[in-house]
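S.K.: Here is a sequence with its predicted model. Questions after.
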Amino acid sequence: DQQVKQNSPSLSVQEGRISILNCDYTNSMFDYFLWYKKYPAEGPTFLISISSIKDKNEDGRFTVFLNKSAKHLSLHIVPSQPGDSAVYFCAAPSYNQGGKLIFGQGTELSVKP
Amino acid sequence: NAGVTQTPKFQVLKTGQSMTLQCAQDMNHEYMSWYRQDPGMGLRLIHYSVGAGITDQGEVPNGYNVSRSTTEDFPLRLLSAAPSQTSVYFCASRQAGADTQYFGPGTRLTVL
């Protein structure tokens, strides 16, 4: 049972345009979400998070939107830069098993100059 | 402050061999975890520890052992490697009460 889903394995965007990465979840008990960015041959690095008491959180070029009724969140990158090319994972803490993170499958973003 | 470090970066094993993947963190985090990443499956939890001397199983623990004798170190042992354990392994740590986990650079393991 995939509790966190990223249905788009890949996304290609032109430099300067907006990148929108989507994530859906099934467990209504999730109350916090994180986005991680992963470059090849490196570990995931924390990018941005959102609590379920908010519907938007912004950090520079990165904004995460949360729609609780639809159990959907999205990460917007504006403007997209070639250095943003990476795999992006959304994740939710489960509050059991040591607070394990439940990850989506990841979306590989390619930003073309 | 090195964060989370892992050794080795790459390893090739033959079926049946054993080895230990090392993980260390210098942030004094109580919680440490091991995940594996497989294509199309995101990261899945293998084992975790909530403090020195305390470990427990995650989603996919079979074939792996862990121990936590110090706050800093959390080694992962493969007892008898199998091709199904070919994967990229990530160690992570976090503070108690925090949701953000910090990941090491990973170990790419191939079992022939």
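M.R.: Happy to help now that I have it.
S.K.: Output the below-cut-off pLDDT ranges for chain A.
M.R.: Within chain A, the set of residues satisfying pLDDT under 70 comprises A:1.
S.K.: got the residues of it near chain B?
M.R.: A:4, A:9, A:32, A:34, A:36, A:41-46, A:49, A:89, A:93, A:97-101, A:103-106 (CB under 8 Å from any CB of the partner chain). The way it works is simple: take the backbone N, C-alpha and C, and place the C-beta from them, glycine included.
S.K.: change it to 10 Å
M.R.: Within chain A, the positions lying close to chain B (CB under 10 Å from any CB of the partner chain) are A:2, A:4-6, A:9, A:31-34, A:36, A:38, A:41-46, A:49, A:51, A:87, A:89-106.
S.K.: Drop anything exposed from these.
M.R.: Neighbour-count burial (16 or more other CB atoms under 10 Å in any protein chain shown) applied to the residues of chain A next to chain B gives A:4-6, A:32-34, A:36, A:38, A:43-44, A:49, A:87, A:89-94, A:97-106.
S.K.: Just to be sure, which of those are found in strands?
M.R.: A:4-5, A:32-34, A:36, A:38, A:49, A:87, A:89-93, A:101-103 (DSSP state E).
S.K.: before we move on, what SS does A:Gly83 have?
M.R.: helix (DSSP: H, G, I helix; E, B strand; the rest coil).
S.K.: my read: it touches A:Ser110, true?
M.R.: No. The pair A:Gly83 / A:Ser110 is not scored as a contact, 11.7 Å apart, by CB atoms under 10 Å.
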